[in-house]
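No letters, just coordinates:
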């Protein structure tokens with residue numbers, strides 16, 4: 001996966017391999033200028049990528 005899906009894939013892989021995980025919250029400020037970088041392709045990759053991870057072997 002590329003983009004935001006990479007973070008999901010890395011966390012899931014670490015969990016499947018038995019690593020302990022800890023979430024650390026981060027706070028994003030609202031965008032003041034410009035447009036969102038989130039596109040339909042990025043959303044689709046994250047959505048379908050998460051589903052595909054379930055069926056991947058390690």
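Cool, the structure landed. Bear in mind the structure is a predicted one, so any value in this text is a computation, not a measurement. Numbers count the residues shown, from 1 in each chain.

end-to-end on stretch 19-34?
38 Å (CA to CA, to the nearest Å).

ugh, wrong one, I meant stretch 19-28
Stretch 19-28: ends 27 Å apart by CA to CA.

pull the longest helix from this protein.
Counting by DSSP state H, the longest helix found in the chain is helix 40-54.

Give me the average confidence score over it.
Here helix 40-54 scores 84 as its mean pLDDT.

Mind listing residues that contact it?
Applying CB atoms under 8 Å, 6 or more residues apart in numbering, the external contacts of helix 40-54 come out as 1-5, 8-9, 12. Yep, even glycine has a C-beta here, placed from its N, CA and C like the rest.

Now flag whichever of these is closest to residue 20.
For residue 20, the nearest member of these is residue 12. The distance, counting by CB to CB, is 14.1 Å.

Give me the neighbour count for that closest one.
17 (other CB atoms under 10 Å).

show me what contacts it?
Contacts of residue 12 by CB under 8 Å, 6+ apart are 50, 53.

What are the buried residues along the longest helix of the chain?
45-46, 49, 53 (16 or more other CB atoms under 10 Å).

Which residue ranges of the protein form helices?
4-16, 40-54.

The first one to helix 40-54, inter-axis angle?
Put plainly, it is helix 4-16. 10 degrees (axes from the mean of the first three to the mean of the last three CA atoms, to 10 degrees).

List the buried residues of helix 4-16.
5, 9, 12.

Need the mean per-residue confidence for that helix.
Predicted confidence along helix 4-16 averages 86 (mean pLDDT).

chain center to it: distance?
Centroid separation for helix 4-16 versus its chain: 7 Å, with CA atoms, centre = their mean, to the nearest Å.

Please apply the same query to stretch 26-36.
18 Å.

mind checking the end-to-end distance for that stretch?
So stretch 26-36: terminal residues 18 Å apart, CA to CA.
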